[in-house]
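Asks: next input, structure requested:
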Amino acid sequence: MAGHSKWSNIKRRKEATDAVRAKIFTKIGREMIVSIKEGGADPNNNAKLRDLIAKAKANNVPNDNIDRLIKKASGDGNKDNFENMVYEGYGPNGVAVIVECLTDNKNRTAGEVRHYFDKYGGNLGTSGCVSFMFSQKGIIVVENNGIEEEKIMEDCFEFGADDFSIEDETIEIITTATNIHQLKEGLVERGYKILSSEVEQVPSTYTTLTDEESINKMNTLLDHLEDNDDVQNVWHNWDMTE
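Replies: Numbers count the residues shown, from 1 in each chain. I've put the predicted structure just below:
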């Protein structure tokens, strides 16, 4: 599973600056607006919103900010209208990249994403050009506080997990995209501390970068994509463990 996890990729650039926190909340906020429009403002009846609130709190977003956004998004005067857009392409040396966006201006977003690919050694492709190399999986990362492997296995598979891997500080658990909420709630009931819970695009094959120029270009491409407010998620098959 080397390199596929969004959790692993985030650790590449975990900088607890105010600017980074602001961008994280901007992205989560857009997801919350879409979720509220689709499923309502009550987190008890909207599992997606409930997960996004937990995600915001895990990223140290103040409760007041979360409450204000929910009130704004559920109000009659809210005119925010974001559209899901997915772009596919190749980074340096053929690294497959999927970029998921929420945008209120498709032309702006498409132009900016294309510019990043062109400038940093890649090229934007057509829909479907790399997505066949990925499959959607529910990935839950929990804190590893010395739990015995036998107990982890028993708890995970009771709630429908497909697989898990144990690291020094974390446990990564894989399930189907449709089972992630049930698995997460079951793990919480058993006392596990959830660090992240996401539906991710997991690649079936990986690409290794060996020369410094390609590695620098790939890192810069990812940095620019992740810094863009319209971009929600970036998935790739670069094996970052090499």
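Asks: would you agree residue 110 is in contact with residue 86?
Replies: No: between residue 110 and residue 86 there is no contact, the gap being 11.1 Å when judged by C-beta atoms under 8 Å. In short, each C-beta sits where N, CA and C put it, glycine included.
Asks: how does this structure divide into domains?
Replies: Domains of the chain are assigned by automatic domain parsing as 6-74, 83-132+204-236, 134-203.
Asks: now tabulate the ones you listed in TSV and tack on mean pLDDT.
Replies: Conversion of the domains of the chain to TSV gives the following (pLDDT from 0 to 100):
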stretch	mean pLDDT
domain 6-74	80
domain 83-132+204-236	95
domain 134-203	91
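Asks: mean neighbour count for these - can I get that in TSV?
Replies: As requested, the domains of the chain are exported to TSV (neighbours: other C-beta atoms under 10 Å):
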stretch	mean neighbour count
domain 6-74	16
domain 83-132+204-236	17
domain 134-203	17
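Asks: distance check, residue 99 against residue 117.
Replies: Noted for residue 99: a distance of 9 Å to residue 117, by C-beta to C-beta, to the nearest Å.
Asks: who's in contact with residue 46?
Replies: 35, 36, 39, 40 (C-beta atoms under 8 Å, 6 or more residues apart in numbering).
Asks: how about a cut-off of 6 Å?
Replies: 39, 40 (C-beta atoms under 6 Å, 6 or more residues apart in numbering).
Asks: now the phi/psi pair for it, please.
Replies: Dihedral angles of residue 46 (phi, psi; degrees, to the nearest 10) stand at phi -130, psi 90.
Asks: and the helix or strand encompassing residue 114, what does it pack onto?
Replies: Counting by DSSP states H and E, the element that carries residue 114 is helix 106-119. On a contact count with 3 or more C-beta pairs under 6 Å, 6 or more residues apart in numbering; DSSP states H and E, helix 106-119 meets strand 96-103, strand 123-124, helix 212-227.
Asks: packing partners of the helix or strand harbouring residue 65?
Replies: Per DSSP H and E: residue 65 is located in helix 63-74. Applying 3+ C-beta pairs under 6 Å, 6+ apart, we find helix 63-74 packed against helix 18-39.
Asks: distance between the helix it packs on and the chain's centre?
Replies: Computed by C-alpha atoms, centre = their mean, to the nearest Å, the chain-centroid distance of helix 18-39 equals 12 Å.
Asks: what's the angle between it and helix 212-227?
Replies: Here the directions of helix 18-39 and helix 212-227 differ by 60 degrees (axes from the mean of the first three to the mean of the last three C-alpha atoms, to 10 degrees).
Asks: centre of the chain versus the very next helix or strand once past helix 18-39, how much separation?
Replies: Per DSSP H and E, the first helix or strand lying C-terminal to helix 18-39 is helix 47-58. Put simply, helix 47-58 sits 13 Å off its chain's centre (C-alpha atoms, centre = their mean).
Asks: before we move on, what about stretch 113-126?
Replies: 21 Å.
Asks: restrict it to CA atoms and write it as CSV.
Replies: Extracted in CSV, the C-alpha atoms of stretch 113-126 (Å, rounded to 0.1, in the frame of the first residue of the first chain):
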residue,chain,number,x,y,z
VAL,A,113,-5.2,23.2,-13.3
ARG,A,114,-4.0,23.0,-16.9
HIS,A,115,-1.4,25.6,-16.2
TYR,A,116,0.0,23.7,-13.3
PHE,A,117,0.3,20.5,-15.3
ASP,A,118,2.0,22.3,-18.2
LYS,A,119,4.4,24.2,-16.1
TYR,A,120,5.7,21.4,-13.9
GLY,A,121,6.4,18.6,-16.4
GLY,A,122,3.0,17.0,-16.9
ASN,A,123,0.0,17.3,-19.2
LEU,A,124,-3.7,17.4,-18.6
GLY,A,125,-5.5,14.5,-20.2
THR,A,126,-9.1,13.6,-21.1
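Asks: this completes my enquiry, with thanks.
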